[in-house]
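got a predicted structure plus its sequence, pasted below:
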Amino acid sequence: MNGAVFGTQILPDQMQVINPAIVLILIPVFDKIIIPCMDRIHIFECSLHRMALGGLVSGFAFLSAGIVELALERTYPHLPGKQY
């Protein structure tokens, strides 16, 4: 992976700043838009339902990260082992 996103090169230390920034952006979006919309259509009756959905979404995120890692593993160079 070369780190190019929409024609811009993202360095590893820049990526460490992007994660907290996205979290800070998404907190008000969920608080003001997504959660009230779900309350209006009665999808989630209590906080436990939201927590369960969060657990499922995070599980799928780990699964997708594993699939991407397995796909990238095919492109890794073959390093010779120790020869005695």
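Happy to help now that I have it. Numbering: from 1, shown residues only.

going forward, measure contacts and count neighbours with C-alpha atoms only.
Will do.

quick one: low-confidence ranges for the chain?
Counting by pLDDT under 70, the chain contains low-confidence ranges at 1, 84.

in it, which spans are helices?
Secondary structure of the chain by DSSP state H: the helices cover 12-29, 35-40, 47-73.

now for the shortest one, which elements pack on it?
The one in question is helix 35-40. Contacting helix 35-40 under the criterion 3 or more Cα pairs under 8 Å, 6 or more residues apart in numbering; DSSP states H and E is no other helix or strand.

any chance of the helices of the chain in TSV, plus distance to residue 81 and mean neighbour count?
Formatted as TSV, the helices of the chain follow (distance: least, Cα to Cα, whole Å; neighbours: other Cα atoms under 10 Å):
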stretch	distance to residue 81	mean neighbour count
helix 12-29	28	10
helix 35-40	53	12
helix 47-73	17	12
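
mind putting the ones you listed into TSV with distance to residue 6?
Listed next are the helices of the chain as TSV, based on distance: least, Cα to Cα, whole Å:
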stretch	distance to residue 6
helix 12-29	15
helix 35-40	30
helix 47-73	20
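
relative to residue 80, which of those is closest?
If you check each of those against residue 80 by Cα to Cα, helix 47-73 wins as the nearest, at 15.8 Å.

okay then, goodbye and thanks.
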